[in-house]
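Trainee: my questions are about this predicted structure, shown below with the sequence.
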Amino acid sequence: MITQDQLLAIIRHSLTMIGGLIIMHGAVDAATWELVSGSVLGIAAIAWSIYDKNKKAKKIKEGKAAKAELEKIELEKVENEKPKKKLLKG
């Protein structure tokens, strides 16, 4: 799995390369590209953070559900191991 640092490094280097080409062709100036690339990196960091937190929350929720299921199974075992009372006819 790719980490947040790796993803942001890939985006940063890609933006540097793309920005150099765009500036070289005169489509935008350096200051404008700096603003654009900074914004893209900021949005990417926020998006990754939201994704990561949602993924961790899902794992926690799944873990709690699994724990509850195990507790239910253990309770059923205990209930099944109790001696059964026989009704006496008399």
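Mentor: All right, it came through fine.
Trainee: remind me what the single longest helix found in the chain packs against, helices and strands.
Mentor: Taking DSSP state H as the criterion, the chain has its longest helix at helix 30-81. For helix 30-81, the elements it packs on are helix 4-24, judged by 3 or more Cβ pairs under 8 Å, 6 or more residues apart in numbering; DSSP states H and E. Placement of C-beta: from N, CA and C, glycine included.
Trainee: and the helix it packs on, what does it pack against?
Mentor: helix 30-81.
Trainee: what is the orientation angle of the longest helix of the chain with helix 4-24?
Mentor: For helix 30-81 against helix 4-24, the angle by axes from the mean of the first three to the mean of the last three Cα atoms, to 10 degrees is 160 degrees.
Trainee: dump the residue contacts of Val78.
Mentor: Listed by Cβ atoms under 8 Å, 6 or more residues apart in numbering, Val78 has no contact partners.
Trainee: which pLDDT value goes with it?
Mentor: Per-residue pLDDT puts Val78 at 79.
Trainee: that one and Gly26, how far apart?
Mentor: Distance, Val78 to Gly26, by Cβ to Cβ, to the nearest Å: 78 Å.
Trainee: which intervals of the protein have sub-threshold pLDDT?
Mentor: For the chain, residues meeting the criterion pLDDT under 70 lie at 83-90.
Trainee: what about Ile2, which SS state?
Mentor: Of the three states, Ile2 takes coil under DSSP: H, G, I helix; E, B strand; the rest coil.
Trainee: wait, what's in contact with it?
Mentor: With Cβ under 8 Å, 6+ apart, Ile2 has no contacts at all.
Trainee: do Glu69 as well
Mentor: Not one residue lies near Glu69 by Cβ under 8 Å, 6+ apart.
Trainee: neighbours of Asp29, just the number please.
Mentor: Asp29 sits with 10 neighbouring residues when counted by other Cβ atoms under 10 Å.
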